[in-house]
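Enquirer: any chance you could fold what I've pasted below:
(3 chains)
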Amino acid sequence: MTDISQNITVSRASKASYIAAILGAVILVALVTAPLWAGRAELRLMGEIFLYLALASLWNLMAGYAGLVSVGQQAYVGFGGYMLFALTMFGGLHPIAAIGLAGVLGILIAIPVAFLIFRLRGAYFAIGTWVMAEVFRLSFAQVSALGGGSGSSLPVAIVRSLADGRQAREWTSYWLALGVVVVVITAVFLLLRSRRGLALSAIRDNELAAGSLGIDIWATKFVVYIVTGGLTAMVGALIFLQKLRISPDAAFSVNDWTAFVIFIVVIGGIGTLEGPIIGTLVFFALRETLADLGTTYLIILGLVAIIIMLKAPKGIWGLIRDRYDLQLFPLGYRVSQSKSDERS
Amino acid sequence: MEWVNAILQGTLLGGLYALFAAGLSLIFGVMRLVNIAHGDLIVLAAYLGLTVTSTIGVHPLLALAIVVPAMALIGYVLQRGILNFTLGDDLLPPLLVTFGLSVILQNALLEVYTADPQKMNAGALETASIPVGDLAVGVLPLLTFAFAIAVIAALQFVFYRTALGRAFRAVSDNQDIAQLMGLNRRHIFGLAMALALAVTAIAGILLGIRTSFDPSSGGGRLIFGFEAVIIGGLGNLWGTLAGGVILGVAQNIGAQINPGWQLLAGHLAFLVVLAIRPRGLFPRISG
Amino acid sequence: MPDPILKTEGLNSFYGDFQALFDLDIHVEEGEVLAIIGANGAGKTTLMRSITGLLKNGANEVSYRNEPIGHLRADQIASKGLALVPEGRQLFPSLSVEENLLIGGRVGRPGPWNLKTVCELFPILDERRNVPSTALSGGQQQMVAIGRALMSNPDLLLFDEISLGLAPVIIKTIYDALPGIVGEGMSAVIVEQDISKALAFSSRVYCLQEGRVSLEGASSTVSRDDISRAYFGVE
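Expert: Numbering: from 1, shown residues only, chains lettered A, B, ... in the order given. This next block holds a predicted model:
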């Protein structure tokens, strides 16, 4: 055996990830300046895409990395939405401050929830999260100040306080959506690159082995759960700032805020950062072309998700990555030999 | 007296929840599968019952003779055709595939039967009651509770006294070794799902006689069944009945205080049990 | 010479990416007791899993009575008359002793073995038939595992490490029962760590080393030196 240790380099980045970073920067600049080149309808659609991408990235962090499969994230979407309404209407806060505070409150409410539902394992955990979402929905339906079961609209004065003029409000709303998705993806990326992230990857690959390596699985999952809860509440606040109207059924809809999100992640590729991005684009492409079909569209979506889960469980991004060995977000480590030793 | 009545009615309602839960519990026991579409399958059974009663004009309870075998067949085909391919060490595939099934079922029902709430007509049975002291006990709730006891006793018998039950337990213990005994686990899982959906058929018909239902009713039924399973203790069929009763009583007491608190009170009872006895009130001793 | 009851030809078995058996050719003659010995990790248990169908192989890599079975499922192979006493007993914990035996008879092949004859072979099982299988001692569990395999009236019985983890006195009881089991025209394969036991009770022996046959011979003629060479691969 020859000693090749001197010629080996370990790096996180690859050529593809540099190109992706540059491309990402270009796209980000284009997106920030979108109000200058895009029409009102496109701006609205893009805002919605960003919010779904944020939800998908967060769900993927929980299910794809921490092994916490939740079908109850609508709890935090709805909670965030209601907090926006309550904080602006009764607390007199500016909507943007309310969004931030909704995130903090989301974390606070997620703590006791986690203590309860972490007692359930695996699939039962999933249904437990759904029960929590139902508890949230039924509780908010009891609050008559927020319109009870029929819900309420955001007062015009609060809407006006966001920015002067309709165009300025639409732009602000768009930038907020873009901002939140950048925050979410950056947060997920940094979390995964940190020591906790390494622990997460270990848990994803083999929970038993990770535990024997001294990783505190419970604490790691707990942190992921409450951070996800807080960020999801922020996204929820933004969603209902755009909708301007909230009701328990809309705020805590399992289809809108969890089913679609799960389909996005499964189709794009679970357990990767790139997957939710691709999944969101596919989801909206399908929606824009098939939405006229109504229920048939949802049946098709369900079928596509099932087929992908059975035939290509790593999703579209998994197929691409297996073929081309690509990684756009430099998360893993790559070992390569330097050029001088490339005889073999 | 109102309170006694609430508790009595809640107990009987618990029978229905136990029927929701029994199939869920059976499937989990045999193959560790949690079926998110379970509630939608209950609703599917109710719609099948509706179609049978309206096309050939029989009483809903007679429709069981068609709906039970139909659901069992659907269960076997579903298991062999799709769900068997999701089983393994990974938790995600069964969860996400049954979640996808749930969305497909809901929307397919919406397509066929529209979103209008429906109900089955069981004639005099719906209003008949037996006076007990000052209270009136409905015949239908009583019948539902009797069905729950009969179904759980029958499942218990199948599970612990028959060759099929031996096969279920053997496959649940160790799939490889069971296979060496000449048991084809794919077939055994198919039979388990068939049995579970036969129970689901009974639950669906009784649900459809008792209250109105629509294509989106499934999620709620899944949650009630799930809560009954967890309150009662995993892997204990009689515990499931106790769990259903506790849930039903909690809901009725909640409704007695404030009509808006009915469901909330049930969920809170579940969360309290989860907080103080996470393994349920009557966990099975082993495993 | 009659055809062998079982043979493998060019058997390659894998656990994921890891190859455990390499081009393995072995055969079992009708009516013989064959011993398979080898160090830990030599591939003995993998071979048992491949033969019984718990690992899938190419159809022709394993054949039973000249019929390719390498591609069949374990339950299909079991119904042809092949039974395994698995390593570590592996009884069904939620079944009673009697139920464990009954499930072994589920294949329903005709023959001398039934609940009554198995209990005659191991009388202790009759006493404890309604006890959960987990309540038995290791030796008693091994008796149930053997009885369970016999209940299917197999033509070829595979024993994987039957003496592993058992007290010497128990091992003796079990080996004393062996002639009564395999005497009636049944063929058997014994996988053993205990070489002297393996040689004493078999007519022929294979030694495996790193997934390949390193020695084959008549049990009465192979020398200790040959075996230790084949076992450890040292010169």
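
Enquirer: just the CA trace of stretch A:227-247, in CSV.
Expert: What follows is stretch A:227-247, C-alpha atoms only, in CSV (Å, rounded to 0.1, in the frame of the first residue of the first chain):
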residue,chain,number,x,y,z
VAL,A,227,-37.4,26.0,15.5
THR,A,228,-39.6,24.6,12.7
GLY,A,229,-42.7,25.5,14.6
GLY,A,230,-41.6,29.1,15.0
LEU,A,231,-40.6,29.5,11.4
THR,A,232,-43.8,27.8,10.2
ALA,A,233,-45.8,30.3,12.3
MET,A,234,-43.9,33.2,10.6
VAL,A,235,-44.8,31.8,7.2
GLY,A,236,-48.4,31.3,8.4
ALA,A,237,-48.5,35.0,9.5
LEU,A,238,-47.3,36.0,6.1
ILE,A,239,-49.8,33.8,4.3
PHE,A,240,-52.7,35.4,6.1
LEU,A,241,-51.3,38.8,5.6
GLN,A,242,-51.7,38.1,1.9
LYS,A,243,-55.2,36.5,2.3
LEU,A,244,-56.4,39.4,4.6
ARG,A,245,-59.0,37.0,6.0
ILE,A,246,-58.8,34.2,8.4
SER,A,247,-61.1,31.4,9.6
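
Enquirer: quick one: is that stretch near chain B?
Expert: No - residues of stretch A:227-247 are not located near chain B by Cβ under 8 Å from any Cβ of the partner chain, the shortest gap being 15.0 Å. Any C-beta I mention is one placed from the backbone N, CA and C, and that applies to glycine too.

Enquirer: what comes up buried for that stretch?
Expert: Within stretch A:227-247, the residues scored as buried using 16 or more other Cβ atoms under 10 Å in any protein chain shown are A:227-241, A:246-247.

Enquirer: next one: phi and psi at whatever residue of chain C ends up closest to chain A?
Expert: Closest contact between chain C and chain A, by Cβ to the nearest Cβ, is at C:Gly16 (13.5 Å). Dihedral angles of C:Gly16 (phi, psi; degrees, to the nearest 10) stand at phi 60, psi -120.

Enquirer: and the one 10 residues further on, by the same measure?
Expert: With angles defined as degrees, to the nearest 10, C:Ile26 sits at phi -140, psi 160.

Enquirer: touching, it and C:Leu215? I think so.
Expert: No - C:Ile26 lies out of contact with C:Leu215 (Cβ atoms under 8 Å); the separation is 11.6 Å.

Enquirer: quick one: residues contacting the one residue in the stretch 51-200 of chain A that gets nearest to chain B.
Expert: Nearest residue of the stretch 51-200 of chain A to chain B: A:Ala123, at 3.3 Å (Cβ to the nearest Cβ). Contacts for A:Ala123 (Cβ atoms under 8 Å, 6 or more residues apart in numbering or on different chains) come out as A:69, B:33-34, B:91, B:94-95.

Enquirer: and for C:Glu184?
Expert: C:Pro112.

Enquirer: more neighbours: which of C:Ile26 and C:Leu215?
Expert: Neighbour totals were compared for C:Ile26 and C:Leu215, and C:Ile26 leads with 21 against 17 (other Cβ atoms under 10 Å in any protein chain shown).

Enquirer: ok, now how distant is that one from A:Gln327?
Expert: Noted for C:Ile26: a distance of 46 Å to A:Gln327, by Cβ to Cβ, to the nearest Å.

Enquirer: just A:Thr296 next, same as before
Expert: For A:Thr296, the distance to A:Gln327 (Cβ to Cβ) stands at 37 Å.

Enquirer: from the structure, what's the count of residues near B:Val112?
Expert: Using other Cβ under 10 Å, B:Val112 is surrounded by 11 other residues.

Enquirer: distance of it relative to C:Gly41?
Expert: Distance, B:Val112 to C:Gly41, using Cβ to Cβ: 58 Å.

Enquirer: ok so, going back, which two in the contacts of A:Ala123 are spaced the farthest apart?
Expert: Greatest spatial distance among the contacts of A:Ala123 (Cβ to Cβ): A:Val69 and B:Leu33, at 13.8 Å.

Enquirer: the residue of chain C closest to chain A: neighbour count?
Expert: 5.

Enquirer: mind listing what it touches?
Expert: Contacts for C:Gly16 (Cβ under 8 Å, 6+ apart) come out as none.

Enquirer: contacts for stretch A:211-228, please.
Expert: Contacts of stretch A:211-228 with the rest of the structure, by Cβ under 8 Å, 6+ apart, involve A:58-59, A:61-62, A:65-68, A:73, A:76, A:107, A:110-111, A:114, A:118, A:187, A:191, A:196, A:199-200, A:202-203, A:207, A:210.

Enquirer: ok, stretch C:27-35 next?
Expert: Applying Cβ under 8 Å, 6+ apart, the external contacts of stretch C:27-35 come out as C:2-8, C:156, C:182, C:185-192, C:198-199, C:201-206, C:219.

Enquirer: now, of those residues, which are buried?
Expert: If you count burial by 16+ other Cβ under 10 Å, the buried members of the contacts of stretch C:27-35 come out as C:4-8, C:156, C:182, C:186-192, C:198-199, C:201-202, C:204-206, C:219.
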